[in-house]
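Engineer: sequence and predicted structure, then a few things I'm wondering about:
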Amino acid sequence: PLQKQITSFVKSMASIGFVAFVIIVGVNYYQSGLLVHSLLHGLTLAMSIIPEEIPVAFSTFQALGAFRLLAKGIIVKQPQYVETLGSATVICADKTGTLTQNKMSVAFLYDANVNISCSADSGQLPQQVVEYAMWACEIDPFDPMELAIHELYLQTSTLDQRSRFQQVHEYPLSGTPPIMTHIFQDQQGKTIIAVKGAPEGILRHARCSPEEVKKIEAQAIAYAQEGYRVLGVGKGEWKEQHWPASQDEFQFEFLGLIAFQDPPKPSIIESIKVFQQAGIDVKMMTGDYAATAIAIAKQVGLDHQSAVMTGSEVLQLESRELRKKASQVQIFARMFPEAKLKVIDALKENGEVVAMTGDGVNDAPALATADVGMAMSTGTDVAMQAAGITLMRGDPSLVADAIDISKRTWAKIQQNLFWAFAFNATGIPLAAL
């Protein structure tokens, strides 16, 4: 933003300098009749209007700001992000891993076959839900949610079946809302088709009666209202010789739900207060249920007034209406990359300077599109490559520190340029004489 202001100001001053150059040359030539003498007077005036200190001051203070941020554990790819962060007016924060700790633990399980919800601490868990959730995970998991599922499987299973089966096909996370499917077979030809993902995504392809769907959705909302992250689990069947081109062609049996607890980061409440006191609007973007997002917003002290927009609603709105809604709504739920991107663009069209924080692959487009993207070092490589700033510790207080340092750097740049222009302005009357 300051670069744009300076560019605009320099262009204006260059125009003024050219007009003054023409006037001074004309007046001096009329009075003296000496062309060279008149050109020198005009050039002196024009050169005195624009200070040559601008590039030096701009580069020096940005480099110093980047060095101070590095001392705090904040890596800046390019110095101009220092100034941009200091002028941020909106922060769009991904929930998981940014507002919350991304330390998943299974809290509750729901067995759709008997319509019973039970605590993960209870002795009787729906083993089929646990097993098929595990089969739908990566073989060598790294995601905290999948790690929690594998851990629960080891705790509850009497016989570890993972070495018996080989993965023969997989369908990566896709769809809106997204689901993923893995297919395993053993040497005897026994096949396991396991799916996990957004409950409504699985229900769309499941053999469930309307009454069963209502019960499942009610339980999912009940978990979400407590702030839990809700995952659906299903079992698929396929009798054809070749696997389908898309997982949408499967017919699933909906097995149940898993509710994960992901507590907020300890410093997030204070960080949000700092942002709000600095006049920065904080917005949450998450792929979870709206009820989950509202519950987490209450826990972290994010003012929302229960107004929520979903990714589908974002894509349906026209540009003008979205710009209005984007400035009013604080919580965006069931978001996917295209929807996040559209919200970021709408905020920028409103004249906001947008900072985006995130750590996942699905955050990468928004991180790259925002005026400045901030990725957690604990996140994915894709997110860190897309972002302009990397936080070496996944602590939201670092964002507050970064903004504070950037604001002070921005203020120093402005002060330096002001005095540079003021000093050069004193030469204008002398040049005119």
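Structural biologist: Looks like it arrived, so ask away.
Engineer: contacts and neighbour counts: CA atoms only from here.
Structural biologist: Fine.
Engineer: how about the longest helix belonging to the chain: buried residues?
Structural biologist: Scanning the chain for the helix with the most residues, using DSSP state H, yields helix 2-32. Using 16 or more other CA atoms under 10 Å as the test for burial, helix 2-32 gives 2, 10, 14, 17-18, 20-22, 24-26, 28-29.
Engineer: residue 200 reaches residue 178, doesn't it?
Structural biologist: No - Residue 200 is beyond contact range of residue 178, at 9.1 Å (criterion: CA atoms under 8 Å).
Engineer: and residue 274, how many neighbours?
Structural biologist: Residue 274: 17 surrounding residues under other CA atoms under 10 Å.
Engineer: what's the answer for the one 5 residues further on, then?
Structural biologist: If you count neighbours by other CA under 10 Å, residue 279 ends up with 12.
Engineer: that older thread, so what does the longest helix of the chain touch, helix or strand wise?
Structural biologist: Helix 2-32 is packed against helix 35-49, with contacts defined by 3 or more CA pairs under 8 Å, 6 or more residues apart in numbering; DSSP states H and E.
Engineer: okay, and the beta partners of the residue nearest the centre of the chain?
Structural biologist: The chain has residue 358 as the residue nearest its centroid, 3.8 Å off, counting by CA atoms, centre = their mean. Note on residue 358: beta-bridge partners by DSSP bridges are residue 375.
Engineer: please list all residues in contact with residue 386.
Structural biologist: Neighbour list for residue 386: 364-365, 367-368, 373 [criterion: CA atoms under 8 Å, 6 or more residues apart in numbering].
Engineer: not counting sequence-adjacent ones, nearest residue to it?
Structural biologist: With CA to CA, 6 or more residues apart in numbering as the criterion, residue 386 has its nearest non-adjacent residue at 5.0 Å, and that residue is residue 368.
Engineer: next, count neighbours for that neighbour.
Structural biologist: Neighbour number of residue 368 under other CA under 10 Å is 19.
Engineer: in the protein, where's the longest strand?
Structural biologist: Using DSSP state E, we find that the single longest strand of the chain is strand 251-261.
Engineer: centre of the chain versus that strand, how much separation?
Structural biologist: Counting by CA atoms, centre = their mean, to the nearest Å, strand 251-261 is centred 27 Å from the centre of its parent chain.
Engineer: flag the shaky bits of the protein, pLDDT-wise.
Structural biologist: Residues of the chain meeting the criterion pLDDT under 70: 1-6, 9, 48-52, 304, 306, 420, 423-433.
Engineer: the residue nearest to the centre of the chain and residue 389, how far apart?
Structural biologist: 11 Å (CA to CA, to the nearest Å).
Engineer: what do those two both touch?
Structural biologist: 373-375.
Engineer: including neighbour count and distance to residue 126, could these go into a markdown table?
Structural biologist: Converted to a markdown table, the shared contacts of residue 358 and residue 389 look like this (neighbours: other CA atoms under 10 Å; distance: CA to CA, whole Å):
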| residue | neighbour count | distance to residue 126 |
| --- | --- | --- |
| 373 | 29 | 42 |
| 374 | 28 | 40 |
| 375 | 31 | 37 |
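Engineer: closest one of these to residue 228?
Structural biologist: Among the shared contacts of residue 358 and residue 389, residue 375 lies closest to residue 228 (CA to CA), at 23.7 Å.
Engineer: would you map the helices across the stretch 301-433 of the chain?
Structural biologist: Ranges of helices in the stretch 301-433 of the chain, per DSSP state H, counting those that start in this stretch, are 311-316, 319-328, 337-349, 364-369, 381-386, 397-425, 427-432.
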